[in-house]
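Enquirer: Everything below, folded, please.
(one chain, ligands or ions: 1)
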Amino acid sequence: MKTHIDLQVTGMHCANCSSRLEKALNLLPGVNAAVSIATEKAHISYDPKTLTPEGLIKAIQETGFDAHPMR
Ligand code: 9UX
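Expert: The predicted structure follows:
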């Protein structure tokens, strides 16, 4: 089963940033991600048995950005 999360991403300043982050997230097992530079959000579909929101945020930080759950 898959679930979804929307994260607010900080540190993206151009469309290459969002493209780079989207590609990095889509390399994670079972992840389908769409990142928007316009809204600075990442919409991520993932398998909660494989990954956690904390793990997704960690992956985003490793790509050089930061993220937090939408409130
Ligand atoms: Mo754009 Mo982003 O020139 O890491 S690629 S700011």
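
Enquirer: what does this structure have sitting close to the ligand?
Expert: 13-14, 16-17 (C-beta under 6 Å from any ligand atom). All C-beta spots, glycine's among them, are computed from the backbone N, C-alpha and C.

Enquirer: The residues you listed into TSV, with extra columns for pLDDT and distance to residue 46?
Expert: Converted to TSV, those look like this (pLDDT from 0 to 100; distance: C-beta to C-beta, whole Å):
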residue	pLDDT	distance to residue 46
13	97	26
14	97	26
16	98	24
17	98	21
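
Enquirer: which one of those residues has the most neighbours?
Expert: residue 17 (18 neighbours; other C-beta atoms under 10 Å).

Enquirer: That one - that's part of a helix, no?
Expert: Yes. Under DSSP: H, G, I helix; E, B strand; the rest coil, residue 17 sits within a helix.

Enquirer: Any regions of this structure where pLDDT drops low?
Expert: Within the chain, not a single segment meets pLDDT under 70.

Enquirer: Tell me which stretches of it form strands.
Expert: Counting by DSSP state E, one finds strands in the chain at the ranges 3-10, 32-36, 41-46, 66-69.

Enquirer: So which residues make contact with the first one?
Expert: It stands for strand 3-10. Residues outside strand 3-10 that contact it (C-beta atoms under 8 Å, 6 or more residues apart in numbering): 18, 21, 35, 40-48, 53, 56-57, 60, 65-70.

Enquirer: mind redoing it with 6 Å?
Expert: 40-45, 48, 53, 65-68, 70 (C-beta atoms under 6 Å, 6 or more residues apart in numbering).

Enquirer: before we move on, what about the shortest one?
Expert: When contacts are taken as C-beta under 6 Å, 6+ apart, the neighbours of strand 66-69 outside the stretch itself are 7-11, 57, 60.
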